[in-house]
Every structure is written in structure tokens, then in C-alpha cells.
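Participant: predicted coordinates and the sequence they were generated for:
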Amino acid sequence: DVKVTQSSRYLVKRTGEKVFLECVQDMDHENMFWYRQDPGLGLRLIYFSYDVKMKEKGDIPEGYSVSREKKERFSLILESASTNQTSMYLCASSLSSGQGYGYTFGSGTRLTVV
Amino acid sequence: GEDVEQSLFLSVREGDSSVINCTYTDSSSTYLYWYKQEPGAGLQLLTYIFSNMDMKQDQRLTVLLNKKDKHLSLRIADTQTGDSAIYFCAESKWNFNKFYFGSGTKLNVKP
């Protein structure tokens, strides 16, 4: 069964800490995405990547960076965590020629910054 | 950016039909999707429709697309308690590289 795996389901971090959220997919997908999900706001795109070492800003990139050194792994980095970054973070991947396949999502990481 | 809008809540009785609605603003959307999110889980693709189609049926699911009004709906026939979840509509462009999601509709199915 194809999978997008996020390394942690729950994380609690302190304000100011550097936080790494890891995402790995085993489908050889070119595209990978990081979203955050907040009640009433739906999913908002933080960053995405079309290929290894490539990245593009989404709609809310401030306070985040990403790394894609290998095709299967896409990391989201909170340089200095703040309480307003408490959220559910969802990773997704897709083929470049989507043809209606859509995204495959991970199970999410619920991050709490205290 | 693109706007995709949904109502936040829907409550139905078990056995009834559910209709979840979505509107979008970008007429160049190529594919429109419905995703389901169960509690504590990621999003699961339910179904999708290409923008040159009006309707797609898949077992208990019927998707209707009114491209003129930029309106998408998902009908779930014979709704079950296991259908209780948040349903997201999403749209993508020709290159499929970026999706835009609505805020999600929380479906509550009462026994």
C-alpha cells in the first residue's frame, strides 16, 4: 500500500525552539507539499516542491523553511517556533501528471508550541 | 488567490441523503476533488471530476458540477454513521501541482 509517512503524530515544543517535521513518501512522486490545517480556515499551503532541491513558497511561508535533499523526503522547519504555529501539519505528495489522482496525504502531525 | 468556499456544518439522519456544497472562483480549474478526513487522520481522496463533465457517480457518491455557476456538490446516498467526517472540496489547474482547498464541511450523521 502506498504511503506518505509523517514521523510524529503529536509534538510539544517550546517557544523559540527549532522544530523539524519530517515527511517520507514511497510512491516516487515528484511533488511534495506542506499544509497547515486550522479550524474554520481549512488547509493552507506553506511550501511545496516539484523536484529534489527545488522549493516554492505557498500562501503562508512566513516563519517556515523546507528542505528536499532526496526525492522521497520533504522536511518542514520552524526556525523559531511561536505559539501561533500551534496547528495540525499535513504533508502530501502527487505525481506531476496528476490526471485526477490527486494528492496522497500523511496522517498529520499535531504540533503544540508552549 | 483562488477561493473555494463551503459551509462549515451539515447534520443528517442515518439513511437520509447528504448534500455537501462547494463554490469556487477560478474558471480555469481543471479537476475538482472531494476529500474525506476522519478524526485524527489525514485526508483521503473520495472522488474527482474533470471540468468538462457535469456528473460522476461512484456507488453511493454522486458529484455534480455546474461550471457556469462554479458550483460543485457531493451527494452521499443512504448516509451511514461511518460517513461522519470532514469533507473538503479542492480544485487544481492543468498542471496539477497546486491544489486549493475549501475550509471543510463537518458532516454529523445522527443514528
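Facilitator: Nice, thanks for sending it over. These figures come from a predicted structure and were not determined experimentally.
Participant: okay, now the unreliable bits of chain B?
Facilitator: Judged by pLDDT under 70, chain B has its weakly predicted residues at B:1-2, B:94-97.
Participant: swap the cut-off to 90 and go again
Facilitator: Where chain B drops to pLDDT under 90, the residues are B:1-4, B:7-8, B:25-31, B:39-42, B:45, B:48, B:50-53, B:91-101.
Participant: could you report the neighbour count for A:L21?
Facilitator: 21 (other C-beta atoms under 10 Å in any protein chain shown). The way it works is simple: take the backbone N, C-alpha and C, and place the C-beta from them, glycine included.
Participant: any idea what it is bridged to?
Facilitator: For A:L21, the beta-bridge partners are A:L76 (DSSP bridges).
Participant: ok, it - contacts?
Facilitator: A:6-8, A:11, A:34, A:75-78, A:89, A:91, A:109, A:111 (C-beta atoms under 8 Å, 6 or more residues apart in numbering or on different chains).
Participant: so what's the residue count around B:D83?
Facilitator: 19.
Participant: residues contacting it?
Facilitator: B:18, B:76, B:107, B:109.
Participant: beta partners for the first one?
Facilitator: Translated: B:S18. B:I76.
Participant: number of residues surrounding the closest residue to A:K53 other than its chain neighbours?
Facilitator: Nearest in space to A:K53, with sequence neighbours left out and distances taken as C-beta to C-beta, 6 or more residues apart in numbering or on different chains, is A:R68 at 6.2 Å. A:R68 has 20 neighbouring residues, counting by other C-beta under 10 Å.
Participant: same check, this time on the one 10 residues further on
Facilitator: Using other C-beta under 10 Å as the criterion, A:L78 is surrounded by 19 other residues.
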